[in-house]
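> Kindly return the folded structure for what I paste below:
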Amino acid sequence: MGSVQLRSSRLASLSLTPSFNHRSRTPRGHLTPFRSQTSFSRSSRIRAVGTVPESDSEAAAPEEPPHVNFAFVSSVLLPDGTPDVHLRTACGGQKLRDIMLDSNIELYGPYARPLLNCAGGGTCATCMVEVVQGKELLNPLTDKEKEKLKKKPKNYRLACQTTVGKPDSRGLVVIQQLPEWKSHEWKYEKVSPLESL
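Down below sits the predicted model:
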């Protein structure tokens, strides 16, 4: 057993007597929980004397580390007819497949079972996605992608072969999941920054 006492002429005193027995048995054999023996006595009022001023370094907001924002659009519309969009953030320099799987974003759809996809080897093309926006943040097409996506639109990519930016990249990438199963079409329009304000 130990005792701690804190006293000051201006502060309340605190007496704490901890017991190190977690549980004790009663005469009937039942367990009772540990009870702390803490007592507070108040000798005078407690009042604040002053505050600590904030320094200038804390006032400035810290700069965020570089990251890429993602908007993953599901192939199925919500009941009200709007697309189901999942927003995620990740560091650049990673494979798109890894980002999607780590973020619990559906990538394979009906091919998600073992042995129905190549697990990132670039040979089955079941991880095909459509890049709606942010193509400039992605690496150029690989030879495997050129071979597998010959007859597909130019904005289709294999998630397992696509690297998103560099570690210091920033930007937005909009990805359509399972583009062959989607129930809507994208209308591409160029919007100038002045019109969006």
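
> Correct me if wrong, but Phe70 is in a strand.
Yes: counting by DSSP: H, G, I helix; E, B strand; the rest coil, Phe70 falls inside a strand.

> pLDDT at it, what is it?
What the model reports for Phe70 is a pLDDT of 95.

> And for the one 4 residues further on?
As summarised for this prediction, Ser74 has a pLDDT of 89.

> same deal with the one 4 residues further on?
Per-residue confidence for Leu78 comes out at a pLDDT of 87.

> ditto for Asn104
The model reports Asn104 with a pLDDT of 91.

> What is the burial count for it?
Asn104: 9 surrounding residues under other CB atoms under 10 Å. The C-beta positions use only the backbone N, C-alpha and C, and glycine is treated the same way.

> Ok, Asn117 next?
Asn117: 19 surrounding residues under other CB under 10 Å.

> Which residues are in contact with it?
Asn117 sits next to 108, 111, 124, 126-127 when contact means CB atoms under 8 Å, 6 or more residues apart in numbering.

> Export these as TSV, with columns for distance to Arg88.
Output for the contacts of Asn117, formatted as TSV (distance: CB to CB, whole Å):
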residue	distance to Arg88
Tyr108	17
Tyr111	21
Cys124	24
Thr126	21
Cys127	16
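
> from those residues, which two are the most distant?
Distance extremes for the contacts of Asn117: the farthest pair is Tyr108 and Cys124 at 9.4 Å, using CB to CB.

> intersection of neighbour lists for these two?
Shared contacts of Tyr108 and Cys124, defined by CB under 8 Å, 6+ apart, comprise 116-117.

> Helices along this protein, start to end?
Per DSSP state H, the chain carries helices over the ranges 56-59, 96-102, 143-148, 193-196.

> Can you list the low-confidence ranges for this structure?
Within the chain, the ranges that satisfy pLDDT under 70 run 1-61, 183-184, 186-197.

> So which residues of it form strands?
Applying DSSP state E to the chain gives strands spanning 4-6, 13-17, 23-25, 31-33, 37-41, 68-77, 83-90, 94-95, 128-133, 156-158, 163-164, 171-176.

> Check which residues of the longest one are buried.
Residues of strand 68-77 classed as buried under the neighbour-count rule (16 or more other CB atoms under 10 Å) are 68, 70-75.
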